[in-house]
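Asks: 3D model of this:
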Amino acid sequence: MNVNNDSILAAKEFTAQPVVEPGLIPSVKQAIDKGFHVFGLQPREKKPLVGSSGFKDSRPPSDAAVLVPWNQDPSRNIGIDLGASDLCVLDFDNPDGVPAWVNETRTYKVRTARGVHVYFRGARPTTGLFVDGNKVGDIKSMGGYVLAEGSVHPDGPIYTVIDDSAIIPLPDISSLMKRKKERVNASADGEREKERVDASADGDPIPHGSHDTELFRIACMLRNAGMGYEQIKNNLIELCEKRCVAYGDDYVDMCENKARSACKYPVGKASPIPVFGGGVANQTANTDVSGWRSEFRNLSEMEQGPITMVIDGVLQEGTCFIGANPGHGKTLVALALAKAICLGEPLFGIPEYTVNKPRNVIYLIPESGDRAFRKRGEAFRLPEDDRFIARTISSGGPLALSDPSLMEAVRQLTPVVILDTASRFLQANDENSAAQNRMLVNDVIALRAAGAIAVIILHHAKKSTTEKRETMTLENMLRGTSDFGAMCDQAYGLRVDEHLHNRGAGPMEIELVNLKDRERLGGLTSVRLAASYKRPGAIYPTSHIDETGNFRPVDFKETKDRDRETLIQLVKSEPMMSVPELCEATNLKPFTVKETLKKTGWHVAKGGSDGHSPWHQDAGKPCPFVAKKTPRVVDLNAPAELKRAA
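Replies: Numbers count the residues shown, from 1 in each chain. From the prediction side, this is the model:
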């Protein structure tokens with residue numbers, strides 16, 4: 001058989017060659033195939049891209065844009081968002097420190113620059129990793145990320161797969177989550193140190209004078225183990241009752257304060273090291289601070305662009321307070337805001353207050369139960385899926401704002417968080433305590449750092465704003481210290497028109513007033529909202545919200561017309577009412593009362609036994625209540641003395 005050599009060469013020339021994708025793109029695709037949520041890092045670094053929020057920008061495998069960072073630069077390292085990927089990674093600093101049972105477990109493992117990553121399915125709070133009482137690494141999961149296989153460590157080594165087994169469910173790792181032995185001071189005067197097993201209630205007595213230090217140290221241990229405020233508080237109370245010598249009557253308050261202080265720190269980073277000026281340092285004595293520059297950004301590295309508007313002209317990214325007295329519609333207005341944000345609809349149906357990008361909402365309302373809150377939510381036609389989620393008293397006690405579950409929800413949903421009301425999240429009984437209120441400020445900042453695009457806080461106003469009908473200001477609409485007014489980007493005041501409402505017998509209308517606009521964005525300055533109306537002849541008002549799923553905006557002309565009609569009806573039925581009495585009956589200013597009646601032809605004449613005439617209209621005729629003067633008649637022929645007398 002004769003074979004043409006030219007045809008062989010041609011066949012070789014046109015045989016399809018395998019496509020070699022550049023850089024780390026093959027590794028990115030492998031991570032995607034495993035179901036990992038990934039995001040781009042700087043090449044040969046663990047740092048997020050400039051202008052990126054790190055793992056908050058991770059994308060699920062199904063996202064069409066997931067490869068965009070590597071299409072732009074194939075050399076970028078690969079970050080895996082562990083919480084979103086439902087992963088827990090045991091990060092051992094040294095392969096020699098890996099326990100035998102972990103080595104024998106068949107699951108996905110990756111060699112790092114100096115150690116090993118062991119992957120399991122099942123997210124959990126991030127904390128330290130201990131073997132035989134010594135810290136050997138970290139348990140990384142919710143709120144954390146690791147470099148994927150193929151990434152390049154800053155020192156040069158490449159992350160390499162050493163066990164490509166399927167990732168198995170997370171086993172019991174409790175033995176790796178706490179020190180088995182820990183040396184602590186047994187007394188305040190520096191007696192010899194003693195060993196103890198853990199932070200349980202069984203242990204050596206804690207002498208008087210060491211309670212604060214020891215309880216806070218234990219609270220930090222429990223925090224680093226992933227516990228929230230309630231768990232830490234209950235553990236400390238039990239421990240104090242069994243081990244603290246002469247703990248006193250206020251021990252419950254002491255335990256609550258220590259639990260709150262520990263929960264100010266992220267899981268895994270609570271450490272009771274004193275610093276100058278008091279307080280606690282958020283680092284250990286051996287913390288590596290050589291990478292301090294990565295914690296800061298210069299102007300060229302900061303995100304740029306316009307301020308994000310959640311609702312045009314009304315709500316921007318940041319913190320917003322809404323102040324009002326009880327019963328003045330805070331929750332109703334907050335639900336209207338939530339509806340607009342979730343559904344992408346104009347706020348109150350007003351076209352100028354548009355929502356360009358719908359967002360998730362987390363609503364925390366420990367003052368209400370499921371049934372009552374659901375009824376309100378259904379009235380507003382809020383979505384019944386996870387675009388709007390809430391926690392009421394039916395789910396248990398209030399969540400601490402630093403609770404890991406809340407933080408993870410915020411991280412994954414990047415929502416608007418609504419706190420109803422601030423007093424339920426304050427770590428103090430005294431709203432005027434500046435030091436305690438700053439703890440709420442810090443908690444809100446932590447929510448923003450975790451990914452909340454905005455935090456809306458409903459708060460009580462001073463009673464005088466209603467009782468004395470004071471003009472709404474930032475100072476009187478946010479009860480407590482000036483910290484709240486200083487911390488927020490925006491603030492609004494709410495007040496029901498109580499004269500119109502008449503204790504429920506009349507329609508409910510709410511005045512919403514802008515009290516602070518830090519960036520001077522303009523937009524909503526004041527608006528009047530009708531929650532209900534009254535049909536002619538009806539005994540009770542009818543709800544606009546039940547009928548339409550929203551408030552009805554009341555325009556300025558409608559309000560003026562109604563005020564005018566109210567005044568006319570009053571002076572017709574009670575023509576001897578004085579201006580102060582009319583002001584009392586209508587909640588209008590004296591000038592407004594006088595000018596409104598004057599423009600409609602109503603007036604009074606001074607004099608008479610009552611000091612003034614009844615209110616009346618002259619209809620172009622002489623006023624009947626003005627006394628007519630008799631003309632003087634002078635006899636020109638009379639003597640001069642008589643003329644002067646006349």
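Asks: can you give me the helices for the stretch 301-450 of the chain?
Replies: Assigned by DSSP state H, counting those that start in this stretch, the helices in the stretch 301-450 of the chain fall at 330-343, 370-379, 404-413, 434-450.
Asks: And those helices: which comes nearest Arg124?
Replies: Among the helices of the stretch 301-450 of the chain, the nearest to Arg124 by Cβ to Cβ is helix 404-413 (8.9 Å). Any C-beta I mention is one placed from the backbone N, CA and C, and that applies to glycine too.
Asks: where exactly do the strands run in the stretch 351-500 of the chain?
Replies: Under the criterion DSSP state E, counting those that start in this stretch, the stretch 351-500 of the chain contains strands at 361-365, 388-392, 416-420, 454-460, 490-496.
Asks: oh, I was asking about the stretch 101-250 of the chain
Replies: In the stretch 101-250 of the chain, the segments counted as strands under DSSP E, counting those that start in this stretch are 109-111, 116-121, 127-131, 134-140, 145-147, 160-163, 182-184, 194-196.
Asks: and among those strands, the most buried is which?
Replies: strand 145-147 (a mean of 24; mean count of other Cβ atoms under 10 Å).
Asks: Off-centre distance for it?
Replies: 27 Å (Cα atoms, centre = their mean, to the nearest Å).
Asks: which neighbours does it have in its sheet, and in what orientation?
Replies: strand 78-81 (antiparallel) (DSSP bridges).
Asks: following the strand it pairs with, which helix or strand shows up next?
Replies: strand 87-92 (DSSP states H and E).
Asks: For that next one, which strands pair with it and how are they oriented?
Replies: strand 116-121 (antiparallel), strand 134-140 (antiparallel).
Asks: related to what we said a few turns ago, which stretch among the strands of the stretch 101-250 of the chain approaches Ile322 most closely?
Replies: strand 145-147 (35.4 Å).
Asks: And the residue nearest the centre of this protein?
Replies: Val455 (2.7 Å; Cα atoms, centre = their mean).
Asks: separation between that residue and Val441?
Replies: 11 Å (Cβ to Cβ, to the nearest Å).
Asks: anything in contact with each of these two?
Replies: Common neighbours of Val455 and Val441 are not found (criterion: Cβ atoms under 8 Å, 6 or more residues apart in numbering).
Asks: if we can go back for a sec, would CSV of the strands paired with strand 87-92 with distance to Lys572 and mean pLDDT be doable?
Replies: Supplementary listing: those in CSV, determined by distance: least, Cβ to Cβ, whole Å; pLDDT from 0 to 100:
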stretch, distance to Lys572, mean pLDDT
strand 116-121, 78, 95
strand 134-140, 77, 84
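Asks: Phe36 and Arg59 touch, don't they?
Replies: No. Contact criterion Cβ atoms under 8 Å: Phe36 and Arg59 do not qualify, at 10.2 Å.
Asks: These two: who's more crowded?
Replies: Phe36 (25 against 19; other Cβ atoms under 10 Å).
Asks: Please list all residues in contact with the more buried one.
Replies: Phe36 touches Pro61, Ile80, Asp81, Ser85, Leu87, Ala148, counting by Cβ under 8 Å, 6+ apart.
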